[in-house]
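>>> model this:
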Amino acid sequence: MSWIIAVLASIGQPVTRGLASLGRLTIFAGQALSHMIRAPFYFKEILQSIMNVGYFSLPVVGLTAIFTGGALALQIYSGGARFNAEAVVPQIVAIGMVRELGPVLVGLMIAARVTSSIAAEIATMKVTEQIDALVTLSTHPMKYLTVPRVLSGLIMVPLLVGIGDIIGILGGYIVGTKSLGFNPAAYLKNTVDFIEARDVVSSLIKGAAFGFIATLLGCYHGMHTGRGAQGVGRATKTAVESAAILILAANFILTSILFAL
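Residues are numbered from 1 along each chain as shown. Take a look at the predicted model:
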């Protein structure tokens, strides 16, 4: 009987800890959203976060998207050749980039670049007691540290997703016209005719959700870091891992909802 209790306890403890962490994260997200619509607003911090999340992420997003679009065109052409369906390359590249690959790859790049940066920065501030100093100066850490970063994620990541979609399609266009022999005008016409408004809207919605997840988890794990250098490293690692997993899970949920009909 005791071994049954031990087995159940070994299963229950991780589940309980996971549910507790999910509850704390939900409360943290609710607090961030509530502070987002209440004064004061630190516009300098918001502008700086917009630059860090959006502008400085453009190179990695652009390079990721263009190489992915090119590789996607090659793979689709190679697979389509088995069924004499090489002509579908423009359409599949467009829908693949806009619906799935564009938002997901941008979200993962933001998780790798921005989430880690936010978590390390805030965790270091907590370890060095700079957050306590903010409280002493009557500055709410949620308003000063979390809100600008989460707001920038909601604003800038959809823009990055839109840019990434365009660059990814451009990568497929370059490979298709230069290496695979497609007519440039026909390639562009097939791309434009195949993409629908709902595809673009779903891509931007996913971008906003992924930006919220990436920045929120960076702030959450930074605020809840342990002490010392090990605590900072652990918070950064956990933030990136959890952001990547939640982005992929959110992508599945949003795809199920947006394209259910």
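>>> Which other helices and strands does the helix or strand Asp132 falls within contact?
Counting by DSSP states H and E, the element that carries Asp132 is helix 130-136. With contacts defined as 3 or more C-beta pairs under 8 Å, 6 or more residues apart in numbering; DSSP states H and E, the packing partners of helix 130-136 are helix 141. Every C-beta, even on glycine, is put in place using the N, C-alpha and C of the backbone.
>>> what's the average pLDDT for the helix it packs on?
Averaging pLDDT along helix 141 yields 83.
>>> Tell me the gap between it and the middle of its chain.
23 Å (C-alpha atoms, centre = their mean, to the nearest Å).
>>> And for stretch 198-217?
7 Å.
>>> where does Ala29 land in three-state SS?
helix (DSSP: H, G, I helix; E, B strand; the rest coil).
>>> wait, it sits on Thr215?
No: using C-beta atoms under 8 Å, Ala29 is not in contact with Thr215, being 10.8 Å away.
>>> Between those two, which is the more surrounded one?
Using other C-beta atoms under 10 Å, the more surrounded residue of Ala29 and Thr215 is Thr215, with 29 against 18.
>>> Asn251 sits in which helix or strand?
Using DSSP H and E, Asn251 falls in helix 228-258.
>>> And the average pLDDT for that helix is what?
pLDDT averaged over helix 228-258 gives 89.
>>> cool, stretch 92-110 as well?
pLDDT averaged over stretch 92-110 gives 90.
>>> Run the chain-centre distance for that stretch.
On C-alpha atoms, centre = their mean, the centre of stretch 92-110 falls 11 Å from the chain's centre.
>>> Name the residues of it that come out as buried.
Residues of stretch 92-110 classed as buried by neighbour count (16 or more other C-beta atoms under 10 Å): 92-99, 101-110.
>>> Show only the entries of these found in helices.
Within those, residues falling in helices by DSSP state H are 92-95, 102-110.
>>> neighbours around the closest residue to Leu108 other than its chain neighbours, how many?
Nearest non-adjacent residue to Leu108, counting by C-beta to C-beta, 6 or more residues apart in numbering: Ala244, 5.9 Å away. Residues near Ala244, counting by other C-beta under 10 Å, number 18.
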